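Participant: task: produce atomic coordinates for the following.
(4 chains)
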2 protein chains.
Amino acid sequence: MGRWEPDAQGRMARAALELYAERGYEQTTVQDIAERAGVTERTYFRYFADKREVLFDGAHTLERLAVAGVAEAPADAGPLDAAGAGVVRGCDALADRYERARTRAGVVAANPGLQERELLKMAALGTAVAAALRERGVAAPAAALAAEAAVAAFRVGFEAWVASDGGRGLDDHVRAALADLRALAAG
Amino acid sequence: MGRWEPDAQGRMARAALELYAERGYEQTTVQDIAERAGVTERTYFRYFADKREVLFDGAHTLERLAVAGVAEAPADAGPLDAAGAGVVRGCDALADRYERARTRAGVVAANPGLQERELLKMAALGTAVAAALRERGVAAPAAALAAEAAVAAFRVGFEAWVASDGGRGLDDHVRAALADLRALAAG
DNA sequence: TACGGTGATGACAGCGACTGACATCACGGT
DNA sequence: ACCGTGATGTCAGTCGCTGTCATCACCGTA
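Facilitator: Below is the predicted model of the structure:
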């Protein structure tokens, strides 16, 4: 693999997921990833902030979709409805990547450090959704709570999805979690 | 400070918070903390797993209180009520430490790495509360969602507390967030 | 008092994550 | 053929973190 092969970032992301899944996150060095991708360690750190970030380069897409979903929710939808519409829209970012999502979820579940990063991304998603809600005129505290609740439902739905056989879509699971949440709060 | 002065852990925790607040987390080395506490770097890592953990040694107390609060909630309380009672009970762990909590919150807010750790602790709190709810006979999915929601309310309440002048107690803010959450879900 | 066991600490070497500085390379335009 | 530009390689260095072993203070016991 030459020095100027295209898609260095994609090669590194794939190499990292493979290695993390094969031998574990801690047993993989950044140099291992760089070698498999045909670059040097220094180049890795030009694309990814640290050893973990390579697993989270799709987070931005998810966030962008969710914000769009909130903005385009019906005008008469309440805060929780709008936030729910956002995270359901975000599901499009992962819809056709069930296998990869499953592998990745297994890697993350096996390492607390990676869980930390995932939680930070989810928190950022919540912040973005909350901002989108305020854009709709929702008051700040209600926006924060509705966003947090919707993101919690997304997480629960995501976990159910990767634990399933993939027969139903991620969005189905997330919608079910949102419905559960409403039932809970009412009870 | 001699080699065998008592309360090495407490000294290190105080030194770390001071240094993180004075010059920032990244500008502080573990050796700086160890020196101010009168120990060596190696001793630091015998008490704390890493450079961040020194700010989170109270998390266990919070978790234990919350679990007790859930277990002792009225038998006829719903899942969200019981989870809410848990996080309200957890407030006792911080009730008389407003100043320290404020300083610590500022340090954490200034560093994404510390936010990650805080999120992990909150997730662990949610897991523990969910387990306590299942102990009460709540079904697994409902327990997870109720716990997540209650922890979200705790976080919102905590943020309001440290942003306030400390006139009202942390538990007041958390109770208000829980009430907001109910109103939201109903709307 | 002398002695030995025990737990905490210090000293040291080493790996790996991450960064800054500078050289080098491929490519496109002139 | 030349040059500017951006991506990459090379190198040195700091810091987080760990394993290993020696050392120290304390405590019980003879």
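Participant: in the helix or strand encompassing A:A131, what counts as buried?
Facilitator: Assigned by DSSP states H and E, A:A131 belongs to helix A:112-135. Within helix A:112-135, the residues scored as buried using 16 or more other CB atoms under 10 Å in any protein chain shown are A:113-126, A:128-130, A:132-134. Heads up, the C-betas are built off the backbone N, CA and C, glycines and all.
Participant: what about A:Y20, how many neighbours?
Facilitator: 27 (other CB atoms under 10 Å in any protein chain shown).
Participant: please name the residues that touch it.
Facilitator: Residues counted as contacts of A:Y20 (CB atoms under 8 Å, 6 or more residues apart in numbering or on different chains) are A:28, A:55, A:107.
Participant: the second one contacts A:A16, correct?
Facilitator: Think A:L55. Yes: between A:L55 and A:A16 there is a contact under CB atoms under 8 Å: 6.8 Å.
Participant: more neighbours: these two, which one.
Facilitator: Set side by side, A:L55 and A:A16 show more neighbours around A:A16, with 26 against 22, by other CB under 10 Å.
Participant: where's that one relative to A:Y44, distance?
Facilitator: 9 Å (CB to CB, to the nearest Å).
Participant: can you check A:A152 too?
Facilitator: Distance, A:A152 to A:Y44, using CB to CB: 33 Å.
Participant: next: A:A59.
Facilitator: In this view, A:A59 and A:Y44 are 18 Å apart by CB to CB.
Participant: quick one, which of the two is more surrounded?
Facilitator: Under the neighbour definition other CB under 10 Å, A:A59 and A:Y44 were set side by side, and A:Y44 has more, 22 against 18.
Participant: how about the spatially most central residue of chain A: what's its closest non-neighbour residue?
Facilitator: Ranked by distance to the mean C-alpha position of chain A (CA atoms, centre = their mean), the top residue is A:A59 at 4.8 Å. With CB to CB, 6 or more residues apart in numbering or on different chains as the criterion, A:A59 has its nearest non-adjacent residue at 4.3 Å, and that residue is A:K121.
Participant: then A:E159?
Facilitator: Closest to A:E159 by CB to CB, 6+ apart is A:A105, at 7.9 Å.
Participant: need the residues of chain A near chain B, please.
Facilitator: Within chain A, the positions adjacent to chain B are A:78-80, A:112, A:115-117, A:119-120, A:122-123, A:141-142, A:144-146, A:148-149, A:152-153, A:155-156, A:177, A:180-182, A:184-187 by CB under 8 Å from any CB of the partner chain.
Participant: follow-up on the earlier one: per-residue pLDDT, the residue nearest to A:E159?
Facilitator: Looking at A:A105, its pLDDT stands at 98.
Participant: give me the neighbour count for it.
Facilitator: 16.
Participant: that one contacts A:S164, correct?
Facilitator: No: contact criterion CB under 8 Å: A:A105 and A:S164 do not qualify, at 11.7 Å.
Participant: go ahead and confirm A:L170 touches A:R155.
Facilitator: No: with contact defined as CB under 8 Å, A:L170 does not count as touching A:R155 (11.6 Å).
Participant: where does chain A have low pLDDT?
Facilitator: A:1-3, A:187 (pLDDT under 70).
Participant: for it, which residues are neighbours of DNA strand D?
Facilitator: By CB under 7 Å from any atom of the strand, the residues of chain A that approach DNA strand D are A:3-4, A:8, A:38-43, A:46-47.
Participant: what's stretch A:57-72 in contact with?
Facilitator: Applying CB under 8 Å, 6+ apart, the external contacts of stretch A:57-72 come out as A:9, A:13, A:48, A:82-83, A:85-90, A:92-94, A:121, A:124-125, A:128-129, A:131-133, A:135-136.
Participant: swap in stretch A:151-162?
Facilitator: A:84, A:87, A:90, A:94, A:98, A:101-102, A:105, A:122-123, A:125-126, A:129, A:168-170, A:173-178, A:180-181, B:141, B:144-145, B:148-149, B:152.
Participant: same deal with stretch A:31-39?
Facilitator: Defining contact as CB under 8 Å, 6+ apart, one finds that stretch A:31-39 is touched by A:1-2, A:5, A:8, A:11-12, A:14-16, A:18-19, A:40-41, A:43-44, A:54.
Participant: can you flag the buried ones in the residues you listed?
Facilitator: With neighbours counted using 16+ other CB under 10 Å, the contacts of stretch A:31-39 contain these buried positions: A:8, A:11-12, A:14-16, A:19, A:43-44, A:54.
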